[in-house]
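>>> here is my input; please provide its structure:
(one chain, ligands or ions: 1)
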Amino acid sequence: MGLENKENLTNANSEAANSSVEKNCETVDDGVKCYTLEDVRVHNMSNDTWLIIHDKVYDISSFLEEHPGGEEVLLEQAGADATESFEDVGHSSDAREMLQQYYIGELHEDDRKKDTAKQLLGHLVVTCCCCCCYWYRVSLLHF
Ligand code: HEM
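Below you'll find the predicted structure:
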């Protein structure tokens, strides 16, 4: 493939990414940008690396080489939701603060993982008047 073709392909990719931002995502409050999973997915290369952690989108391209845990683990998550692996490692509060400098926007509402089972259970325990839920609430208050 010639250089020109490669450039065309790159331009086409970035145009596709931009148009999907316009199509699916509005800018949320105070000019904060919003991205869909599709928007994030294309940024999965070592010179262009985005990650999602707790529904926030980060451009960590400039951080790969600095990461104390190595760049390999970050590249494995590139363009995807890294919340679970980030939490599994048990990152320090310093690491969590570092995230801020790479923040570029929010994940689109429709692409957020909805923990419906957990939500339902929480709702049941708070509103149900059966003995089990009642005593569970009492135990939460007293122990
Ligand atoms: C942009 C997001 C991330 C930031 C800012 C970050 C930052 C850091 C920092 C500062 C450390 C040093 C230890 C600490 O202070 O907790 C660390 C260690 C580490 N990180 Fe990350 N990290 C990020 C994402 C990830 C992800 C997605 C993984 C996925 C597996 C990962 C895996 C590790 C590992 C394996 C270590 C080494 C832990 C050890 O040797 O004890 N990190 N990271």
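
>>> how close does the residue of the chain found nearest the ligand get to Thr49?
Residue of the chain nearest the ligand, by Cβ to the nearest ligand atom: Gly69 (2.4 Å). For every residue, glycine as well, the C-beta is placed using N, CA and C. Gly69 sits 14 Å away from Thr49, taking Cβ to Cβ, to the nearest Å as the criterion.

>>> out of these two, which sits in the more crowded spot?
Legend: neighbour count by other Cβ atoms under 10 Å for Gly69 and Thr49, higher for Thr49 (22 against 11).

>>> is it correct that the more buried one is in contact with Glu65?
No: applying Cβ atoms under 8 Å, one finds Thr49 not in contact with Glu65, separated by 11.1 Å.

>>> pLDDT weak spots in this structure?
Residues of the chain meeting the criterion pLDDT under 70: 1-28, 115-127, 140-143.

>>> show me which residues of it sit near the ligand.
51, 58, 60, 63, 67-69, 73-74, 77, 82, 85-86, 89, 91-92, 94-95, 98-99, 102 (Cβ under 6 Å from any ligand atom).

>>> which ones among these map onto helices?
Cross-referencing these against helices under DSSP state H gives 73-74, 77, 85-86, 89, 94-95, 98-99.

>>> OK, contacts around the residue nearest to Met45 when sequence neighbours are not counted?
Closest residue to Met45 apart from its sequence neighbours, by Cβ to Cβ, 6 or more residues apart in numbering: Ala78 at 7.0 Å. Contacts for Ala78 (Cβ atoms under 8 Å, 6 or more residues apart in numbering) come out as 43-46, 49-51.

>>> which of those residues count as buried?
Buried members of these, counted by 16 or more other Cβ atoms under 10 Å: 43, 49-51.

>>> is it correct that Glu106 is in contact with Thr36?
No: Glu106 is beyond contact range of Thr36, at 10.7 Å (criterion: Cβ under 8 Å).

>>> ok, which pair from the buried ones among the contacts of Ala78 is furthest apart?
Pairwise distances across the buried ones among the contacts of Ala78 (Cβ to Cβ) peak at 8.7 Å, for the pair His43 and Leu51.

>>> touching both of those two, which residues are there?
With Cβ under 8 Å, 6+ apart, His43 and Leu51 have common neighbours 78-79.

>>> quick revisit: show me the two of the ones in helices among the residues of the chain next to the ligand that sit farthest apart.
Spatially, the most separated pair among these is Gln77 and Asp94, at 19.7 Å (Cβ to Cβ).
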